[in-house]
Structures are given as C-alpha cells and as structure tokens.
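**Student:** Show me the folded form of this:
(chains A and B)
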2 protein chains.
Amino acid sequence: MNINEIRNAARRNAGHVRRTPLLTSPFLDEIAGRQVYVKPECLQHTGSFKYRGAHNAISQLTTEQREFGVIAFSSGNHAQGIALAARQNQTPATIVMPSDAPQLKIDNTRALGAEVVLYDRESGDRDAIGAALAEERQLTLIKPFDNEAVIAGQGTIGLELANQAREEGIRNAQVLVPCGGGGLTAGVALALEHDAPDLTVHPVEPTGFDDVARSLHSDRIEANAQRTGSICDAIITPSPGQLTFPIMRRLCGAGIVVPDEDCLRAMAQAFTRLKLVIEPGGAIALAAALFHRHQIKGDAVIVVVSGGNVDAPVFTDALNRFA
Amino acid sequence: MNINEIRNAARRNAGHVRRTPLLTSPFLDEIAGRQVYVKPECLQHTGSFKYRGAHNAISQLTTEQREFGVIAFSSGNHAQGIALAARQNQTPATIVMPSDAPQLKIDNTRALGAEVVLYDRESGDRDAIGAALAEERQLTLIKPFDNEAVIAGQGTIGLELANQAREEGIRNAQVLVPCGGGGLTAGVALALEHDAPDLTVHPVEPTGFDDVARSLHSDRIEANAQRTGSICDAIITPSPGQLTFPIMRRLCGAGIVVPDEDCLRAMAQAFTRLKLVIEPGGAIALAAALFHRHQIKGDAVIVVVSGGNVDAPVFTDALNRFA
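**Tutor:** Sure thing, here's the model as predicted:
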C-alpha cells in the first residue's frame, strides 16, 4: 500500500465524508503540559471515522457485488459506517454484531437499513456465523481493518491532519491514535509518512487489551488474553491485522496503554472543554495526552478522537464521577 | 451598519476565530421532516459565538484604552469571549456577572484572567455597578449586543453560512437563531441580506422571554415581564437593543417561541445524533426545528447552535429525561 491509494480514497470520498476540524482549548493545554490539538472524528457521519473506510470500500464494488450485498463484523462503529455507505450505494448490508454492543450502535445500524445478526462474544464464533451467511447469500465481506480499501479510507484522516498541521505550524509532534486492529493507525501513519514525515504516530490501547503495543515491542503479532472486560468496546480487537501490523511496525512509535478510568476522565474533560461527546474507546488518545504526559515528547501533541457513539448511562457516569 | 463592517470583522478575526463546520444527521432530518443543517458555535473558542464579537471589538481599541482595560456585563458567554480576547490583546478585563450564572461560566471567565464582580439578578442594579467601576478605573464598556463592533463580529457567522449554503446547494431556507438581545440575530441577518438574500433569519426565544418576537409583531421595542425563570440563561435579556432591533425589524421573519423543556429534548438529540454538548439557550433553535416544525417552511432549515457552556447536572438531567 502507498500514498496513492489514500489519495484515491480521498477523491472517492469527496462530497461524502466530512472534513473534521482541529480543535484546541487552553484548559487542555494546561493539563497536558503542552499544546493539544484534537481531530474530532466523532463529528464524522455515523459518529465515527469508520464511515471513511466503509465508503471507500463499498464505492469500489462491482455492479454484481452490489446486487448481492455486503457483510461485516463489528461492535458497532464499522457497522454504522458500512450501513450508511451501503444505503448510499444501493446495496444491502448484513452486520454480525456482539450482543453486548452498546444499544445505540445496534439501533443505529438497523435504522440505517442494515440487517443485524447478534452473537455472544464469549461463546459464539463470529467468523463461522459470518462465513455461513456470506456463502449462502453471496455477500462480499468487508473486514473492519484488514482490508486495503478500508485502511486507505481511514488514512484520509492523515491527509487532512498533514494539511491542518501545516496551517497551524505544528512540527515534530506525536500523533496519538485509538487503536483496535490498526486500520486507523496504519492508514494515518501511511498518509503522514508521505505528507508530514515529522509527525510520528503512536497507537493507544486499553489496559489488558494492549496487543498492538506488545506486538510492536516483540516485533511479532501478539494476542490479548481476554475478549471482554473493557468499556472501550470499539477497540478491544484480539490482535493486530496481517495487513495493518507490518505498516505499524515500519512507521509507528511505541504504543501507549491507558486504564479505562482515564478514558472516562477524558470524556468529562471533552464535555467541559471541547463540547464534544466522545465514547470511551474514542477518548483513549485524549486520555493519554492529558493523563500520561510523561510518555509523550515535544511541545505539541495531536490526538485523534475516533468516535462518539456512547449510551447515555455511560456518559452520565463519566460526568458524575469526573466533571 | 452594512456588510463592509462584517467583512472587516472577518479580516480582523482571521487566524483567531474558528470557522465552524455545518453538521447534519439523517435522524434529525426525520424528526424535523426536512433537511436540518447545524452550525455548531459551541465548538467556537470559549464554547460560544461570543468570542467573535469580543475579538472584533477589543482588537480595535486604542493603545490608551487597552492600558486601562475593558468592562462587560454578561451571564457568562460574552464574559468568556471578552476575557479571552482581552488576554490575547494584553488588556485587563472586568466582568459583571449575575450570581446565578452557571458555575462553569464564572469559573472559566476567572480562569481566562478576568476579574469577576457578581451581583444579584433580582435585586442588584447591574448598570449602576458597572458604571461606577467603569468610571473609577477608566474602563471601556463593551456591551453584549448593542455595540456595532460586536454585531459585526457575530455577523461573521452569516458570511460563513452563506458560503456553506452555496457549497451544500441550500436555497430559500429559513435560518433559526437563538436570540437574547439580538446581536447574533442582527449580525447574521445583515450578512445574509447581502451574501445570501434567499435565506431568511428567524429569532428563537424561550417561553416567557419572547421580547423580540413581540417587538417584531408590534413594531416597537417590548420588554419581558420577568428577569429570571428560564434555564436558557444565555438569552433571557430584558428587551431587544436600540441598535439590533431596527436591523431585525427590517430583515427578520417572525420570532419562534419554544418552552424550556424542548431545549432539554434538543440537547439530548444533539448528544445522540451530533455528538455535541449544547447549553439550553444554545439548543433553542434546534428545538424549534425539531419540535415546532409546523412553524417552519421549506425543504431545508439552518440552525445556529450558539453555545455549549452547560453545567454537568443540567446536561445529565437532559439525558436522563430525554436520551
């Protein structure tokens, strides 16, 4: 993969994907001890960056593929991105989701016209369920991260960041990215390698689900011991992808690991200082910038906020405890 | 006043004021029965549009005026805008605020370096307190809405909206604006008169504080019977301004009046669908679009969200009741 695939994705997504702004707050700078720039993909269509990759992938399907439809596995953000992009491209979408996904994500995916098939995250075999459906209905599988078109679509955030960093005069900064399977992280790293090589990407993961940090450290793909047990539902993938890991290994700095509670604290800060609604996993890079400052270098840090699809009880819990 | 003053304000504010995006959600379109475009000034510096007018006014002060400093009356959003613009222009700011203003607004105004003087909204005479301080310290008063530089600064939102409406292909739409004294409403109306004359501004006010709607109806300045009693603290001004009313009378359509509870409902929708934190008064135009659709005409409506400075208990109340 290279920068051209990301530039092509940006052309395909033009007029569909929203160019998100770069936000700041002097209050956040003070907590972080440096300038903090926030790229709020919670403001993207469907409330997360996932629509970028989904739209890029689905808009490249053949007429025959569109006739049969697409299938995806997702805890909810990829699901919504696929559902919206499928509807826009007049192709049916089937989404296999864990039954413990946030209710808002399940409801929205259905409301966007997709058929949702639920499975139990502990006991069910997601891949077997998906493979059976895909074969039966001749569906095209769009993987959430190990798919070049998806990685390229997420990488368009990196193109925007490179331009915005230039406009703001940001140089030699670290770019912190919430990381599950690594589609967003790898895509952004590829774009920045070419367009802003002085910006270094660091993946950020929840405690207990630090497969990418450990893989980068050991130089081979490592897996998480558990599959559930974090509020960061969007980014608790078992291990980095076959496509994403080599890109991350080549381009990323060390991973940063953040406990769940710090994500809630970051959500409360984003409420007060940025007027943004962020979901726990989406807030993890902001949490690293605000509460793990000694793991970060330089005068400025750029934080990607990956999504905002959070149920109200989780959000009010964050405010009750930390706002 | 005319379009040139707004264009000059845009030049003075360039590089300081954030150009806010135009957001949409298919879920909101469905509730409203038409396309809804949201201009989120809660994402502006200090969490409200007020920084636009404050920066335009303060950046025009003479060296001598800057040496003595500025004074402002505000329930909190103008206060924060003035405090930040004053700090950026190296001039001291004194802000006279009601003691029942949201704690967040009082805290932020102080944190931005301003001196805050509190008064009781029912019994205190804000103007007398301010006049005494201004004379004693030779401060320049920057009124929250009846000031041409402030109106011109707020009007820069109208310039952005005209461009964004052109980009999106929006024509003949109504533009709903949260309205207190009318600085934002008049500024936006002036900008659109010149740059997008097919867009018509309608002020939106809380029930019991509909002085502008009544003034537009009777064709003379009317006042509210009470001074407290709405959760929309940002927009419960006693009556329209001497400068703003003639502009609104010439350019605006009829006012829309919305009960407080609908603002809380709109805040919950903005949480779920837009991932935005909006304060009650800031959500009133969105509330009109969503829950008073029969008072609106056309296939599309543009909604200005004026601010997001809300205390956590008020926000969680909105979510608990309506999310």
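**Student:** Now do the same contact list for the closest residue to chain B within the stretch 1-150 of chain A.
**Tutor:** When distances are taken as C-beta to the nearest C-beta, the stretch 1-150 of chain A reaches nearest to chain B at A:C42, 4.1 Å away. Backbone N, C-alpha and C define where each C-beta goes, glycine included. Going by C-beta atoms under 8 Å, 6 or more residues apart in numbering or on different chains, A:C42 touches A:48, A:276-279, A:282, A:305-308, B:275.
**Student:** show me what contacts A:H202?
**Tutor:** A:174-177, A:252-256, A:288, A:296.
**Student:** ok, and it, which helix or strand is that part of?
**Tutor:** Secondary structure assignment for A:H202, by DSSP states H and E: strand A:200-206.
**Student:** What strands line up against that strand, and which way round?
**Tutor:** strand A:174-178 (parallel), strand A:256-258 (parallel) (DSSP bridges).
**Student:** now it, how far from the centre of its chain.
**Tutor:** 11 Å (C-alpha atoms, centre = their mean, to the nearest Å).
**Student:** So for the lengthiest helix in chain A, mean pLDDT?
**Tutor:** For chain A, the longest helix by residue count, based on DSSP state H, is helix A:148-168. Averaged across helix A:148-168, the pLDDT comes to 98.
**Student:** before we move on, what about stretch A:213-226?
**Tutor:** pLDDT averaged over stretch A:213-226 gives 96.
**Student:** how about the closest residue to A:A10 other than its chain neighbours, what does it touch?
**Tutor:** Nearest-residue entry for A:A10: A:T156, 4.6 Å, with adjacent residues in sequence omitted and distances by C-beta to C-beta, 6 or more residues apart in numbering or on different chains. Residues near A:T156 by C-beta under 8 Å, 6+ apart: A:6, A:9-10, A:13, A:17, A:52, A:56, A:187, A:191.
**Student:** Sort out which of those are buried, if you could.
**Tutor:** A:6, A:9-10, A:13, A:17, A:52, A:56, A:187, A:191 (16 or more other C-beta atoms under 10 Å in any protein chain shown).
**Student:** Check these and tell me the two furthest apart.
**Tutor:** By the measure C-beta to C-beta, A:V17 and A:A191 form the most distant pair in those, at 13.9 Å.
**Student:** Now for A:A266: which residues touch it?
**Tutor:** A:278, A:283-284, A:286-287, A:290-291.
**Student:** Doesn't it lie inside a helix?
**Tutor:** Yes: in this structure, A:A266 lies within a helix as judged by DSSP: H, G, I helix; E, B strand; the rest coil.
**Student:** So it versus A:F145, what's the distance?
**Tutor:** Distance, A:A266 to A:F145, using C-beta to C-beta, to the nearest Å: 23 Å.
**Student:** Kindly report the same for A:T20.
**Tutor:** According to C-beta to C-beta, A:T20 and A:F145 sit 20 Å apart.
**Student:** Look at the two and report which has more neighbours.
**Tutor:** A:F145 (25 against 21; other C-beta atoms under 10 Å in any protein chain shown).
**Student:** Do I have it right that the more buried one meets A:G183?
**Tutor:** Yes: counting by C-beta atoms under 8 Å, A:F145 does reach A:G183; the two are 3.2 Å apart.
**Student:** Inside helices: which ones of the buried ones among the contacts of A:T156?
**Tutor:** A:6, A:9-10, A:13, A:52, A:56, A:187, A:191.
**Student:** wait, which of the residues you listed is closest to B:I235?
**Tutor:** Nearest member of those to B:I235, counting by C-beta to C-beta, is A:R52, at 36.9 Å.
**Student:** Now do the contacts for that closest one.
**Tutor:** Contacts for A:R52 (C-beta under 8 Å, 6+ apart) come out as A:9, A:13, A:17, A:44, A:81, A:153-154, A:156-157.
**Student:** Same question for A:G158.
**Tutor:** Residues in contact with A:G158 (C-beta under 8 Å, 6+ apart) are A:6, A:187-192, A:195-196.
**Student:** Repeat the analysis, applying 7 Å as the threshold.
**Tutor:** Going by C-beta atoms under 7 Å, 6 or more residues apart in numbering or on different chains, A:G158 touches A:6, A:187-188, A:190-192, A:195.
**Student:** cool, and A:G181?
**Tutor:** Residues near A:G181 by C-beta under 7 Å, 6+ apart: A:144-146, A:237, A:240-241, A:244.
**Student:** Find the pair from the residues you listed with maximum spatial separation.
**Tutor:** A:P144 and A:P240 (12.4 Å).
**Student:** Looking only at neighbour counts, state which of those two leads.
**Tutor:** Shown here are A:P144 and A:P240; by other C-beta under 10 Å, A:P240 has more neighbours (31 against 23).
**Student:** The more buried one against A:D210, yeah?
**Tutor:** No: judged on C-beta atoms under 7 Å, A:P240 makes no contact with A:D210 at a distance of 10.9 Å.
**Student:** Let me know the closest of the contacts of A:C42 to B:A318.
**Tutor:** Relative to B:A318, the closest of the contacts of A:C42 is A:V277; by C-beta to C-beta it sits at 12.2 Å.
**Student:** ok so, going back, any chance of the contacts of A:T156 in JSON lines, plus pLDDT?
**Tutor:** Listed next are the contacts of A:T156 as JSON lines, based on pLDDT from 0 to 100:
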{"residue": "A:I6", "pLDDT": "98"}
{"residue": "A:A9", "pLDDT": "98"}
{"residue": "A:A10", "pLDDT": "98"}
{"residue": "A:N13", "pLDDT": "98"}
{"residue": "A:V17", "pLDDT": "97"}
{"residue": "A:R52", "pLDDT": "98"}
{"residue": "A:N56", "pLDDT": "98"}
{"residue": "A:G187", "pLDDT": "98"}
{"residue": "A:A191", "pLDDT": "98"}
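**Student:** Hmm, A:V305 is touching A:P280, no?
**Tutor:** No: with contacts defined as C-beta under 7 Å, A:V305 does not count as touching A:P280, sitting 11.5 Å away.
**Student:** Within reach of chain B, which of the contacts of A:G158 are there?
**Tutor:** Taking C-beta under 7 Å from any C-beta of the partner chain, there is no overlap between those and the neighbourhood of chain B.
**Student:** ok, which pair from the residues you listed is furthest apart?
**Tutor:** A:G187 and A:D195 (12.4 Å).
**Student:** residue boundaries of the helices in chain A?
**Tutor:** A:3-13, A:26-32, A:50-58, A:63-68, A:77-88, A:103-111, A:126-137, A:148-168, A:183-195, A:211-218, A:244-251, A:260-269, A:284-291, A:312-322.
**Student:** Let me see the contact set for the closest residue to A:H45 other than its chain neighbours.
**Tutor:** Excluding its sequence neighbours, the residue lying closest to A:H45 (C-beta to C-beta, 6+ apart) is A:Y51, at 4.8 Å. The contact partners of A:Y51, by C-beta under 7 Å, 6+ apart, come to A:17, A:44-45, A:81, A:84-85.
**Student:** repeat for A:T63
**Tutor:** Counted by C-beta under 7 Å, 6+ apart, A:T63 has zero contacts.
**Student:** Check the residue of the stretch 1-150 of chain A closest to chain B and give its pLDDT.
**Tutor:** So, for A:C42, pLDDT stands at 98.
**Student:** same check, this time on A:D210
**Tutor:** On the pLDDT scale, A:D210 is placed at 98.
**Student:** who touches it in this structure?
**Tutor:** Residues near A:D210 by C-beta under 7 Å, 6+ apart: A:255, A:257.
**Student:** All good on my end, thank you.
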